[in-house]
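K.L.:
Below is the structure, and that's it, no one-letter string:
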Ligand code: DX5
Ligand code: ZN
């Protein structure tokens with residue numbers, strides 16, 4: 001188990017109210033969140049369809065929080081320019097969807113955006129090895145992507161520990177983010193693996209007190 005650090009808390013707008021995005025963004029802000037996580041799904045890479053770059057652009061107009069875009073699409077290279085133009089701060093593509101992942105990372109970084117790569121539960125963390133020196137963020141999927149409200153797959157948490165150890169050994173600079181099924185009950189375990197960013201969709205938005213939920217997830221003592 002590792003020493004705990006300051007957690008970046010990033011609610012996923014996916015579990016918010018799409019008919020009242022302003023209210024959902026306000027809820028995220030009043031809970032002292034650090035980023036907004038935006039799940040872009042294309043109905044091909046994952047079964048679900050959510051929204052595209054216009055949503056990201058419009059949310060950027062009503063908040064100063066960094067926009068953390070998680071692209072769950074095939075051919076992510078076809079969409080990068082649109083999300084850069086929309087004002088994304090982090091753009092994360094899936095290793096499983098990106099044949100030329102290295103080129104995509106370079107392109108994102110050249111634009112001034114931060115570049116992330118995500119892996120689904122069935123992909124080993126070792127498959128990221130060639131990319132590690134270039135990454136700003138690694139997003140570990142702790143559920144099979146496509147939907148909010150699923151249960152966390154605990155074995156995926158070992159990847160955090162592995163990537164955190166490699167980071168200290170080799171001096172890499174990426175943040176490690178965990179996405180899927182995060183809640184107050186499993187948060188401490190996740191934090192102790194060496195996570196930097198905790199994403200929460202349903203546990204945050206479905207809570208009777210989202211700000212308290214946020215505090216519990218990030219490990220703040222006062223709730
Ligand atoms: C799943 C998405 C997640 C999801 C998390 O495919 O990438 O960001 O919104 O939602 P919860 O926290 O409900 O699992
Ligand atoms: Zn996500």
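P.N.:
Structure received. If you're wondering where the values come from, they're calculated on a predicted model, not measured in any experiment. Residues are numbered from 1 along each chain as shown. Ligands and ions are numbered 1, 2, ... in the order given.

K.L.:
quick one, what contacts the residue in the chain positioned nearest to ligand 1?
P.N.:
Residue nearest to ligand 1 within the chain (C-beta to the nearest ligand atom): residue 201, separated by 2.6 Å. C-beta coordinates here come from the backbone N, C-alpha and C atoms, glycine included. Contacts for residue 201 (C-beta atoms under 8 Å, 6 or more residues apart in numbering) come out as 11-12, 14-15, 37, 39, 148-149.

K.L.:
quick one: pLDDT of it?
P.N.:
Looking at residue 201, its pLDDT reads 98.

K.L.:
Check residue 35 and give its pLDDT.
P.N.:
98.

K.L.:
Tell me how many other residues surround it.
P.N.:
19 (other C-beta atoms under 10 Å).

K.L.:
what is the mean pLDDT for the longest helix seen in the chain?
P.N.:
Across the chain, the longest stretch assigned as helix under DSSP state H is helix 158-170. Average pLDDT, helix 158-170: 98.

K.L.:
cool, stretch 113-129 as well?
P.N.:
For stretch 113-129, mean pLDDT rounds to 98.

K.L.:
what does it rub up against?
P.N.:
Applying C-beta under 8 Å, 6+ apart, the external contacts of stretch 113-129 come out as 70, 84, 88-96, 98, 101, 104-105, 108-109, 131, 134-145, 153, 155-156, 159, 162-163, 174, 177, 179.

K.L.:
Stretch 200-213 spans what distance, first to last residue?
P.N.:
Taking C-alpha to C-alpha, to the nearest Å, stretch 200-213 runs 10 Å from one end to the other.

K.L.:
What residues sit buried inside it?
P.N.:
Within stretch 200-213, the residues scored as buried using 16 or more other C-beta atoms under 10 Å are 200-205, 207, 210, 213.

K.L.:
Quick one: these as CSV, columns for distance to ligand 2 and secondary structure too.
P.N.:
Listed next are these as CSV, based on distance: C-beta to the ion, whole Å; DSSP: H, G, I helix; E, B strand; the rest coil:
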residue, distance to ligand 2, secondary structure
200, 10, strand
201, 8, coil
202, 12, helix
203, 14, helix
204, 13, helix
205, 14, helix
207, 18, coil
210, 18, helix
213, 17, helix
